[in-house]
Structures are given as structure tokens and as C-alpha cells.
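# here's my sequence, what's the structure:
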Amino acid sequence: MAITHDTQTDVQDRAILVSLVTDKIKRTGIDPELSLQELVQLAETAGVEVLDVLRQNKETPDSKWFIGKGKVEELRMAADGLGANTAIFDQELSGAQVRNLEEALDLKIIDRTQLILDIFAGRAKTREGIIQVELAQLSYLLPRLSGHGKNLSRLGGGIGTRGPGESKLETDRRHIRDRITELKRQLDDVVKTRELHRERRRKSGAVQVALVGYTNAGKSTLLKQLTDADVYIENQLFATLDPTSRVLQLPVGKEVVLTDTVGFIQNLPHDLVASFRATLEEVNEANLVLHVVDASSPMREEQMEVVDSILQDLGAAGKPRVVLFNKSDLCQPEQLEMLPSGQGYLKISAFNAEDLTRVTGLIADELAGDTLVFRIPGDRGDLSSLLYRVGEVLETNYEENDVLYSVRLNKEDYEKWGYKLAEFVVQ
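Numbering: from 1, shown residues only. Prediction:
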């Protein structure tokens with residue numbers, strides 16, 4: 001179904017995609033073809049019919065047209081011939097470039113950032129998610145306001161007009177800045193609430209495991225299969241936007257909190273990363289990070305590098321991590337043989353029960369640590385409960401008024417709770 005916000009008529013977004021490969025892009029190591037393939041998926045996820053793709057190699061972007069004047073004419077002729085009403089650019093455009101291209105082409109002009117923001121606007125369900133997306137959209141649009149006049153007045157709505165809405169975007173910059181200030185205040189309140197929840201989890205001794213990975217790698221499916229979580233599953237980019245946490249029972253009887261996070265993507269918009277930082281920083285609270293990889297993707301290595309880079313930016317690169325090569329059922333045997341194996345790697349299908357058992361076993365092994373013996377007074381039930389929460393109790397023995405607990409406890413948990421338990425360790 002077409003994405004539209006006009007009550008009078010439904011207008012299908014029919015688009016030509018445009019990719020400009022500059023010398024700067026080549027130096028960054030970004031794969032233009034991977035990026036363009038993703039743009040096709042992003043457009044389809046937003047309900048756009050993709051008609052054609054236009055590529056151009058150029059040393060630097062044209063300051064007025066982004067692509068060269070000749071290429072603009074080629075794009076205009078292609079749009080006329082195919083009946084396109086939209087052009088989607090794989091790179092970010094300035095407001096002036098949008099305005100110039102709209103006037104020359106009489107098309108709706110959208111760039112990659114705006115497309116991703118539009119998808120996020122459609123997926124946000126929680127108050128936090130809605131605030132984050134609107135904040136990112138307004139921060140993106142504020143310096144480009146003069147370049148989006150035709151977009152906002154064009155009949156049929158469609159991509160690029162969802163979220164803040166026409167009435168807000170047509171007000172002056174002062175009103176938009178006021179709205180941004182108000183959204184930041186609301187987001188601060190939500191962040192404080194999130195931090196209280198984190199603190200409560202810390203105090204309870206809850207062990208946290210975070211699922212991270214490229215968008216559409218299968219994180220939500222894995223969460224659902226492991227915990228019976230009622231989460232939205234769809235073969236689309238950014239099917240999951242709001243983080244979901246569920247309790248996972250490990251084979252040893254210990255419970256951990258498993259959290260699904262928003263998928264990463266190449267060239268994730270800066271404003272979006274900034275707005276979602278509080279959500280993404282859930283990863284920093286994790287005792288263990290599960291990096292879920294689509295093993296069947298031909299761009300697997302590049303996608304893994306993107307995830308590594310974003311984890312580095314979040315300050316979570318040093319977290320204990322396991323790589324789960326998911327979708328093994330979609331791989332040829334020779335593909336699976338090429339994947340790394342051994343400690344810290346697992347090849348799985350989220351739909352294979354044996355593989356799910358291996359995942360929970362691996363989580364238990366990764367979280368397990370040294371075995372310590374604690375002598376706990378019989379009247380200190382609080383400490384006994386703490387040991388069961390934060391470690392794996394292997395054996396109990398009773399001596400007069402004390403209980404001897406043999407407990408497997410990982411280093412991170414001991415550092416967190418050692419101040420309560422240190423004096424009860426049997427030397």
C-alpha cells in the first residue's frame with residue numbers, strides 16, 4: 001500500500017534512485033553498491049515503487065545540483081519516460097540543492113537521511129521513540145527549511161512528509177527551535193526514567209545481555225524464539241525500533257535480561273544517532289553483547305564492520321562479545337565453511353531448536369567465571385538470595401549456623417557485588 005498523508009487522493013511514490021560516488025566516498029571505504037542496495041530496501045520498506053537506478057562518478061558533488069547539470073537532464077528524461085514522481089538520493093543534500101533539483105525536475109526530492117527518518121517515524125510506537133524521531137527530523141530539517149517548500153505542498157504526501165507534519169514545518173525557525181527545546185526536555189525526562197530502571201536492575205543484580213547487529217540480521221526473531229516474546233517480526237529494515245527486554249532462563253537455572261536493540265545501518269543519520277543515544281547506550285549496561293550477523297548476506301563483512309564502528313562510538317567496543325552467525329539455513333555449505341569458528345563464534349538458525357539450546361549454553365558459559373566458596377550466616381537470607389541472583393550456585397553444605405555456598409561468579413559481577421560478599425569468602 002502506498003504511504004500517503006493526503007485524504008483526497010492516494011499517490012504512490014514512484015521513484016528513481018540516484019547515487020553519486022565521489023573521491024571522498026571512495027577514501028572512506030564505504031561500499032557504494034552496498035549503500036545503493038540498502039537504499040532500494042529502504043525505499044521498498046517505506047512503500048516506494050523503485051523504477052530505476054542512476055549512478056554517477058564525480059570528484060566532488062556539484063554545489064548547486066549535487067549531480068552534474070547533464071546528469072540532472074538525464075534524470076529528468078528518465079523520470080518523464082518512466083512516470084516517476086520522486087527522486088531519492090543516496091547521499092545527504094543541502095536545502096539549496098533540494099530546491100534547485102525540485103525546480104529543475106518537478107519531482108519530490110528525498111535524500112537517504114530523510115528516507116530513514118521517515119521509516120523511523122512510521123515505526124516509533126513508544127513515547128520515547130516518537131520523541132526521538134521527531135527530534136531527529138526537526139534537527140535535520142531546521143537548516144534545510146528553505147529547500148523543502150515544494151515537498152510540503154505537493155499533493156499526496158508520501159515519504160518525507162511524515163512525523164512532524166506540514167503545519168509544524170511551515171512555521172518559522174523560532175517555533176521549530178522552541179519545539180526542539182521542548183522535545184529535548186521531554187526526552188531528558190524519559191532518559192531519567194530509563195536511568196532509574198537501569199539503577200534498579202543494577203541493584204537487583206540482574207545480568208543483562210544485549211542483542212546488537214545490522215538491521216534485518218534476525219535479532220527480533222532470535223529474541224522471540226529464545227523468550228517467547230511478543231515482538232514484531234518482519235523481513236524489513238528497521239522492523240524493530242523500540243528496545244524490548246525479556247527474561248531468558250539459562251540451562252543452569254539462572255535468569256538474565258535479554259534486550260533487543262535497534263538495528264544499525266551504514267551511514268546511520270547523525271541526528272538519529274544523537275537522538276537515540278540513550279536507547280543505544282543500553283548496550284553499555286550489558287554484561288555480554290551478542291552480535292547477530294546475517295550469515296547469508298553477501299555484504300556480511302562490511303555489515304560487521306559497521307556494527308563494530310558504532311559500538312566503538314558508543315564506548316561499548318570493550319564489552320565481552322559473542323558473534324552469532326544467524327540464518328545458517330539460508331547458506332550454502334561452502335558459505336558456512338568460510339565463516340570464522342571456535343570460541344566466541346556460533347553458526348545458528350533462529351528457527352532451529354538445537355541451535356537455540358547452543359545459544360543459551362554459550363551465554364551461560366560466557367557469563368560463568370571463577371568458582372568461589374562463601375560462608376554465609378544462616379540468618380543472612382539476603383546474602384544467600386544475592387548469591388543465587390548473581391552467580392551459579394553449584395553446591396551447598398551446612399556447618400553449624402552457617403551455610404557454605406560453592407558459587408561460579410564472573411569477574412564483572414564480583415566487582416559489582418564484592419563489597420557485600422568479600423568478608424564471607426572462604427580463603
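# remind me, longest helix of this protein?
Secondary structure of the chain per DSSP state H: the longest helix is helix 173-204.
# can you list the helices and strands that the helix or strand encompassing V133 packs against?
Per DSSP states H and E, V133 falls inside helix 127-141. Judged by 3 or more Cβ pairs under 8 Å, 6 or more residues apart in numbering; DSSP states H and E, helix 127-141 is in contact with helix 112-123, helix 173-204, helix 270-275, helix 277-280. All C-beta atoms are positioned from the backbone trio N, CA, C, and that covers glycine.
# relative to L250, which of the ones you listed is closest?
Nearest of these to L250, taken as Cβ to Cβ: helix 173-204 at 16.6 Å.
# check which residues of the closest one are buried.
By neighbour count with 16 or more other Cβ atoms under 10 Å, helix 173-204 contains the buried residues I176, R179, L183, Q186, L187, V190, V191, R194, R198.
# for it, what does the pLDDT average out to?
For helix 173-204, the mean per-residue pLDDT is 85.
# in three-state terms, label L17 for me.
Three-state assignment for L17 (DSSP: H, G, I helix; E, B strand; the rest coil): strand.
# in the buried residues of helix 173-204, find the pair that's most separated.
Across those, no pair lies farther apart than I176 and R198, at 31.8 Å, counting by Cβ to Cβ.
# got the CA positions of the helix holding V133 in CSV?
The C-alpha trace of helix 127-141 is given here as CSV (Å, rounded to 0.1, in the frame of the first residue of the first chain):
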residue,chain,number,x,y,z
ARG,A,127,6.6,7.8,23.8
GLU,A,128,10.4,7.8,23.8
GLY,A,129,10.6,6.5,20.3
ILE,A,130,8.2,9.1,19.0
ILE,A,131,10.0,11.9,20.7
GLN,A,132,13.4,10.7,19.5
VAL,A,133,12.3,10.5,15.9
GLU,A,134,10.6,13.9,15.9
LEU,A,135,13.6,15.5,17.4
ALA,A,136,15.9,13.9,14.8
GLN,A,137,13.6,15.0,12.0
LEU,A,138,13.4,18.6,13.2
SER,A,139,17.1,18.8,13.8
TYR,A,140,17.7,17.6,10.3
LEU,A,141,15.1,19.9,8.6
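# which strand or helix spans V306?
Here V306, judged by DSSP H and E, is contained in helix 300-314.
# tell me what that helix is packed against?
Judged by 3+ Cβ pairs under 8 Å, 6+ apart, helix 300-314 is in contact with strand 207-213, helix 277-280, strand 288-294.
# swap in 10 Å and give it another go.
Where contact means 3 or more Cβ pairs under 10 Å, 6 or more residues apart in numbering; DSSP states H and E, helix 300-314 is packed against helix 32-45, strand 207-213, helix 270-275, helix 277-280, strand 288-294, strand 321-326.
# residue ranges with poor pLDDT in the chain?
Within the chain, the ranges that satisfy pLDDT under 70 run 1-10, 29, 146-172, 205, 229-242, 278-279, 411-412, 427.
# report the angle between the helix holding V133 and helix 173-204.
Helix 127-141 runs at 140 degrees relative to helix 173-204, counting by axes from the mean of the first three to the mean of the last three Cα atoms, to 10 degrees.
# what angle separates helix 127-141 from helix 112-123?
Counting by the same axes, to 10 degrees, helix 127-141 lies at 160 degrees to helix 112-123.
# tell me which residues in helix 127-141 are buried?
For helix 127-141, burial by neighbour count (16+ other Cβ under 10 Å) applies to 128-141.
# out of the residues you listed, who's nearest V425?
Nearest to V425 among the buried residues of helix 127-141 is E128, at 41.3 Å by Cβ to Cβ.
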